[in-house]
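Novice: Build me a model from this:
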Amino acid sequence: MVSSSAESLRSFRRNAVHVRQALDLLQQQAGPMQVDGGYLSDEGRIERYKLLSIPVRRALNPNDRASFVEAFAALRESPGTTAALGDVDQAWQSLQRELDSPVTLGGGKVPRRQIVSDWLDAAAFYDKLERDRAYDRLIDRYGKAAESIGADLTESAARLMLLVDESAAGVLGEPVILPPPTKTPPPPPDPKESWWKRATRIWRSGD
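Specialist: Predicted coordinates for the structure are as follows:
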């Protein structure tokens, strides 16, 4: 396998480590159920999904080195993986169809892909203290149903990441379970965030 393909798979795997950790936390820290806006949800969902949203957001971005697109391209270039990729590729196509399927929210039909994208942005940049408006705008525009759709499809994408990660581990000759990350990666800079707010956030985080 050429070096660029190996690097793409390693980038995907480093990102998937955070997914494994975040999925474990989701199972352990589920909050009490409550009815909010006519929908059953649990307290603190947006905060708990923050850790998961950052790596999933990268994986769904085709321009990111750690994306599904890069990983699939690298795996297809690897000898002996075509047959093993059948189930994973089928799951990927199924996810794509679901993301492209429309749902009626906010007074019109919206592709689930758009809702997931907005949800991932809202979760990745969510700030409990400052009440980042991205989450409020999401709910104001689509209602609480957008949160359920975004959370469910985020988990579907995360589980698919683990399947791809297993194939990548086999190609690279690495263990499936890599050492846990030393630190959760920060979300990429929000293009709408002012420079002084970004500097304050970085200072608070101690980076």
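Novice: Show the model's pLDDT score for Leu85.
Specialist: Listed pLDDT for Leu85 reads 81.
Novice: ok, it - contacts?
Specialist: By Cβ atoms under 8 Å, 6 or more residues apart in numbering, the contact list for Leu85 reads Phe72, Leu75, Arg76, Ser167. All C-beta spots, glycine's among them, are computed from the backbone N, C-alpha and C.
Novice: Would you state the strands of this structure in chain order?
Specialist: Using DSSP state E, the strands found in the chain span residues 33-36, 39-42, 102-105, 108-111.
Novice: Pull out the C-alpha coordinates of the last one and format them as CSV.
Specialist: Taking only C-alpha atoms (Å, rounded to 0.1, in the frame of the first residue of the first chain), the coordinates of strand 108-111 have been written out as CSV:
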residue,chain,number,x,y,z
GLY,A,108,-40.8,22.0,4.4
LYS,A,109,-38.9,19.0,3.3
VAL,A,110,-35.3,18.9,4.3
PRO,A,111,-32.7,16.2,3.6
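Novice: quick one: Ser8 and Arg65 touch, right?
Specialist: Yes - with contact defined as Cβ atoms under 8 Å, Ser8 counts as touching Arg65 (6.1 Å).
Novice: quick one on the thing from earlier: can you say which of the contacts of Leu85 are buried?
Specialist: Phe72, Leu75, Ser167 (16 or more other Cβ atoms under 10 Å).
Novice: Is it possible to get those residues out as TSV so that each row also shows distance to Trp92 and pLDDT?
Specialist: Shown next, in TSV, are those (distance: Cβ to Cβ, whole Å; pLDDT from 0 to 100):
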residue	distance to Trp92	pLDDT
Phe72	7	93
Leu75	11	90
Ser167	11	91
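Novice: Go through these and flag which are in helices.
Specialist: Among these, the members falling in helices (DSSP state H) are Phe72, Leu75, Ser167.
Novice: what bits of the protein have low per-residue confidence?
Specialist: Counting by pLDDT under 70, the ranges of the chain that qualify are 1-2, 29-43, 80-84, 128-132, 181-207.
Novice: related to what we said a few turns ago, nearest to Tyr142, out of the buried ones among the contacts of Leu85: which one, please.
Specialist: Phe72 (29.9 Å; Cβ to Cβ).
Novice: Ser8 and Arg65 - which one has more neighbours?
Specialist: Using other Cβ atoms under 10 Å as the criterion, Ser8 and Arg65 rank with Ser8 on top: 24 against 16.
Novice: any idea how far the more buried one is from Ala168?
Specialist: Separation of Ser8 from Ala168 (Cβ to Cβ, to the nearest Å) stands at 9 Å.
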